Structures are given as C-alpha cells and as structure tokens.
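Undergrad: Here's my sequence, what's the structure:
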Amino acid sequence: MSNQVTSLASGHEGSFGDQVRAYLLRLRGGEMGSLPAIGATLVLAGIFAALSPYFLTDLNFTNLFVQAAELTMLSAALVFVILLGEIDLAAGVTAGVAAAVFIVLIKSGSWPWFPALIAAFATGILVGWVIGMIVAKIGVPSFVVTLAFFLGFQGMQLVLLGEGGVYRVETPEILAIMNSNIPDWGGWLMIVLAAAGTFLFGIWDRARRAGTGLVNRPISILFIKVAAILVLGGGAVLVMNQNRSQGVIPISGVPIVVPISIIVLVIFTLLLDRTKFGRHLYAVGGNPEAARRAGIKVARVRIWAFIICSFLAVASGIFHASRIQSVDGSAGHSIVLNGVAAAVVGGVSLFGGRGRLSHAAIGAIVITMIDNGLGLLQMPAGVNFLITGGVLLLAATLDALARRRSGGSIARS
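TA: Alright, predicted model coming up:
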C-alpha cells in the first residue's frame, strides 16, 4: 500500500482506487481535514430536525446560510494568520472600526457609498499592515499586539460614532447584501457557472501539470467534483427558490450574500492553493526556520497574512452592518472568538501549516447551526456557549492528537 502512495507522489497518475487508499492512509496518519466537521454538521442537522419541525423548512434553511455568511468571512480571514501559528484577536473590532469609518463618511454627506466602502477596506489594510509590522519586524507576540488593538479599537469605535453610538445604514446597495435575493434563474445560472468553471479549470490544471511532469489525479475525481456541485448546489438552489414568505408578497431566490461569499472564498482559495505566496504561507506555518533557509522572506509573508486577514474581516463587518441595518459601538467585540472556533472546528490547525478556507466555511456552518438550532428550541444562551465551547475543545483535542500521530511536536509540561 505504501508503494502505491509513493507511485502517486512520483509523477504517475494513479487509479481512483489508489486515490481512495491514499486518502485512507492520510486519515490513519491523523490528517482528517474537515471530515469531523462534516460529520458534526450531519449529526447536528439530524438532531435539530428531530427536535424542531421548523429546522428543515425552506425559510430556516435559507436563513442558516445568511446567518453563517458573516462568521464565514471572519473565520476565512483568520485562516491566513492561524496557518502561521499566529492569532488576530483584533479582527472583529477591526471590522467594527472599518464599518464605523464607512458610516461616518456616508453620514457626512460628502462621500458617496462606494468611495466610503473603499475607505473602509483601506482602513482594514492599514490596520493589518501595522499589526503585521509589529509582529514580524519587532517580534512582539501576535496575541499581545492584537489584544492591545482589541482593547484600543473599542474606544476608537466610540470616538468615531460619538455619544449616540448608533447609526442606521440606509444605503440600498449595502442593505441588499444580506436582505435581498437574486432572481430564481440567477441561482441556476450560478450553479451552471460554478460547475463549468470547476470543469474548465480542472482541465487546464491537468494540462499544466502534465506539461511540467507533475502528478495528475484520475479525471474521474474531477467528474465527481462537478457532479457534487450540480447535485448539492442544485438541491440548495431548489430549496431557496421556493416561496418562503409568511405574508402576501412572495419571497424566493438565493440571498445575494451567498454568491458574494462564494466568489470571495474561491478567489482567496486560489491565492492559497495556486500562488507562490500561498506556498510560502504554508511553508512558514509548517517550519519558519526551514522556510527562512529556503530563501522565503518570512517577515513579508507574515505581514501580508495580517493584511489579508484584516481586509477580509472588513467584509465581515460590512455583512454585519447590512444584516442588522445599523453600525454601533459594540460591533465585532465578541464574534472574533467564534471566528477562531469556526476555523478550528472546521479543521484548520492551531499549530500552523495545515488548513483551507473551505474548512473554515464548514466550521462556520457548524457554529451557526448550533446557534440556529438552539434558538429554535428556545434554549438559554448559556447552553449555546457550553455546547460551542465543548465542540471547540473537542476539535482542538483532535487537532493535537492528529499532530502527535503524524509526527509533529507538541509542547507539553
């Protein structure tokens, strides 16, 4: 069996069975990826469906994706620093400050919404650069730096928003993100484009790898991916296109935030998987000293990781402002912990060097499903915290055990 895995790594295309056996070997070695999170999603869905007749309704199914969008963006942002074995406790309040900048510029009357939005993202980029410089160039631990920003930015939000502390969001383009839907045909077009794009990119990637002598997986795996998009994605669109209105005016279609989130995740997944920066990020997260000796500019990689983290965190803040239709001084104070939890539950290693954005997205679904299901059951908020904390502890324990089993070193007292 080990010879089959070796042959796959040596440049020969293996069969589908070889790929399955290689995957099982990785599981035995502790590389579980998002498999536990997928299992948790199925188990939780079954439990909540059995306990609440409302959980699997068209309305709640769609709301689940809308509720998860904000956390998905923040957990995806945190992946970039967690892959380095770092942390950004300020990501949530960075999003809050950026949203405050946006709304203050809008309310000043001299800024159109789009330039104000650019200014908000520029704020995030600047914050990420400052944090990255302090961590990478000066050497202050990221926990300390981002904790300081977390505390300081709570005050900055109050300064920007004034004593009232709350501004209503009235920009139609921003409100539409979390509160409007694309036409029914747009959902089907989204699935067709996703399947076609996956297939064409897969064919191009196979040709590129073959031209450079790299290993190619069996083309059957590409067909399975396309089929999964058509079946699972098509099923989701079919449900979301049902009329879920509880009033006279019909409401149907995929929420606008869903394709926006998918596009963002695809772009930054390609950044991680298909660029030199992504390869360097994983290398630095896996072994910083080895990466430095290989000629990788470790400090630059760390700085860019914090910049990207803060940039994506701003997107989370804009989603939040769109959902609650206001910006207030408490935005982002608590969500960052859920963002870390989502990334870890999804399979991103806290020790760095292992994880994907899709893992964070799955983890965000798990955390949101817990909140959604317990809300439908009218359980106290304390139960939510207890269950979320337990799931996080279990995920971190599995990560530590997997790292030990795969030969990684874990500092123990």
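Undergrad: for Asp399, what are its contacts?
TA: Residues in contact with Asp399 (CB atoms under 8 Å, 6 or more residues apart in numbering) are Val344, Gly347, Ser349, Leu350, Phe351. Where C-beta positions appear, they are placed from N, C-alpha and C, glycine not excepted.
Undergrad: could I have stretch 184-198 exported to CSV, CA atoms only?
TA: Output in CSV follows, covering the C-alpha atoms of stretch 184-198 (Å, rounded to 0.1, in the frame of the first residue of the first chain):
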residue,chain,number,x,y,z
ASP,A,184,-34.7,32.4,-9.3
TRP,A,185,-32.9,31.9,-12.7
GLY,A,186,-29.8,33.6,-11.2
GLY,A,187,-29.4,30.7,-8.7
TRP,A,188,-29.5,28.1,-11.5
LEU,A,189,-27.1,30.2,-13.6
MET,A,190,-24.7,30.4,-10.5
ILE,A,191,-24.7,26.6,-10.3
VAL,A,192,-24.1,26.1,-14.0
LEU,A,193,-21.2,28.6,-14.0
ALA,A,194,-19.7,27.0,-10.9
ALA,A,195,-19.8,23.5,-12.5
ALA,A,196,-18.5,24.8,-15.8
GLY,A,197,-15.8,26.8,-14.1
THR,A,198,-14.7,23.9,-12.0
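Undergrad: In helices, which of the contacts of Asp399 appear?
TA: Among the contacts of Asp399, DSSP state H puts Val344 in helices.
Undergrad: Save the contacts of Asp399 as CSV, and put in pLDDT and distance to Val366 too.
TA: As requested, those are exported to CSV (pLDDT from 0 to 100; distance: CB to CB, whole Å):
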residue, pLDDT, distance to Val366
Val344, 88, 11
Gly347, 85, 11
Ser349, 84, 17
Leu350, 82, 16
Phe351, 80, 21
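Undergrad: Drop anything exposed from the contacts of Asp399.
TA: Among those, those buried by neighbour count (16 or more other CB atoms under 10 Å) are Val344, Gly347, Ser349, Leu350, Phe351.
Undergrad: Go ahead and confirm Phe351 touches Glu86.
TA: No: applying CB atoms under 8 Å, one finds Phe351 not in contact with Glu86, separated by 11.2 Å.
Undergrad: residues shared between the contacts of the two?
TA: Shared contacts of Phe351 and Glu86, defined by CB under 8 Å, 6+ apart, are not found at any residue.
Undergrad: Okay, the residue positioned nearest the centre of the chain and Leu160: tell me how far apart.
TA: What sits nearest the mean C-alpha location of the chain, by CA atoms, centre = their mean, is Ala76, with 2.7 Å. Ala76 is 26 Å from Leu160, where distance means CB to CB, to the nearest Å.
Undergrad: Check Val284 too.
TA: Counting by CB to CB, the gap from Val284 to Leu160 is 34 Å.
Undergrad: Neighbour count for these two, which is higher?
TA: Higher neighbour count among Val284 and Leu160: Val284, with 27 against 19, using other CB atoms under 10 Å.
Undergrad: Next one, pLDDT for the more buried one please.
TA: Here, the pLDDT recorded for Val284 equals 93.
Undergrad: which residues of the stretch 51-200 of the chain fall in strands?
TA: For the stretch 51-200 of the chain, applying DSSP state E, counting those that start in this stretch gives strands covering 166-168.
Undergrad: Show me where it has its helices.
TA: For the stretch 51-200 of the chain, applying DSSP state H, counting those that start in this stretch gives helices covering 58-82, 91-107, 113-133, 142-161, 172-179, 184-211.
Undergrad: which helices and strands does the shortest one pack with?
TA: When you say that, I think you mean helix 172-179. The criterion is 3 or more CB pairs under 8 Å, 6 or more residues apart in numbering; DSSP states H and E, and the helices and strands that helix 172-179 contacts are helix 113-133, helix 257-274, helix 298-324.
Undergrad: among these, which is nearest Gln378?
TA: With CB to CB as the criterion, Gln378 lies closest to helix 298-324 of these, at 21.3 Å.
Undergrad: buried ones in the closest one?
TA: Residues of helix 298-324 classed as buried: 298-299, 301-323 (neighbour count, 16+ other CB under 10 Å).
Undergrad: where's that helix relative to the chain centroid, distance-wise?
TA: Relative to its chain's centre, helix 298-324 lies at 11 Å (CA atoms, centre = their mean, to the nearest Å).
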